[in-house]
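**Student:** next come a sequence and a model predicted from it.
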Amino acid sequence: MGRQAYLVQIEGKSLINDLDLSSSLADVDVARNHNVLAITYTEVTDTLKGQGAGKQLIRHVVEYSRAADMKVILQCPFARKLFETNPDYHDVLEGGIL
C-alpha cells in the first residue's frame, strides 16, 4: 500500500492528512459563506470506499469549523448520513439541526 495525502480545501487553504491507505484520492468540497461552511460533496475512489477515508475528510471539516468558530450546513448526502450517526458533530450544525 502506498502513502496518500487527503486534501481538504477551505477558501483556498489546504489541510492535509497523510494516511497509509493507497495511491488513490478522496476529497470533500466545502463552500464558505461568512461563518458557515457548506459541505457540497464528498468523493472517494472505489479503491478507498469502505476504508474510512470519507469519514476522515468530514472529521477534518468538523475540526476546522470548531477551531474557526464556524457552523456547517450539509448539502452532501454522505455528510448528512454521517452527521445523523454522529451526535458529537451536532454542535457545528448551522441552526443545530439536520
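**Tutor:** Everything's here; your move.
**Student:** would you list every one of the strands in the protein?
**Tutor:** Under the criterion DSSP state E, the chain contains strands at 4-10, 13-19, 26-33, 36-44, 71-74.
**Student:** helices and strands around the last one, which ones?
**Tutor:** What that stands for is strand 71-74. Strand 71-74 makes packing contacts with strand 36-44, helix 53-67 when contacts are defined by 3 or more CB pairs under 8 Å, 6 or more residues apart in numbering; DSSP states H and E. For glycine as for every other residue, the C-beta is placed from the backbone atoms N, C-alpha and C.
**Student:** now the angle from the longest one to strand 36-44?
**Tutor:** When you say that, I think you mean helix 53-67. Counting by axes from the mean of the first three to the mean of the last three CA atoms, to 10 degrees, helix 53-67 lies at 160 degrees to strand 36-44.
**Student:** give me the mean pLDDT for helix 53-67.
**Tutor:** Mean pLDDT, helix 53-67: 90.
**Student:** what's the mean pLDDT across stretch 74-89?
**Tutor:** 95.
**Student:** what does it rub up against?
**Tutor:** Outside stretch 74-89, the residues within contact range by CB atoms under 8 Å, 6 or more residues apart in numbering are 28-29, 38-42, 54-55, 58, 61-62, 90, 93, 98.
**Student:** that stretch spans what distance, first to last residue?
**Tutor:** One end of stretch 74-89 to the other measures 12 Å (CA to CA, to the nearest Å).
**Student:** if we can go back for a sec, quick check, nearest of the contacts of stretch 74-89 to Leu48?
**Tutor:** Closest approach between these and Leu48, by CB to CB: Gly54, at 8.0 Å.
**Student:** once you drop chain neighbours, what's closest to Val28?
**Tutor:** Leaving aside its chain neighbours, Val28 sits nearest to Leu57 (4.2 Å; criterion: CB to CB, 6 or more residues apart in numbering).
**Student:** before we move on, back to that, would TSV of the helices and strands packed on strand 71-74 with mean neighbour count and distance to Phe78 be doable?
**Tutor:** Output for these, formatted as TSV (neighbours: other CB atoms under 10 Å; distance: least, CB to CB, whole Å):
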stretch	mean neighbour count	distance to Phe78
strand 36-44	18	5
helix 53-67	19	6
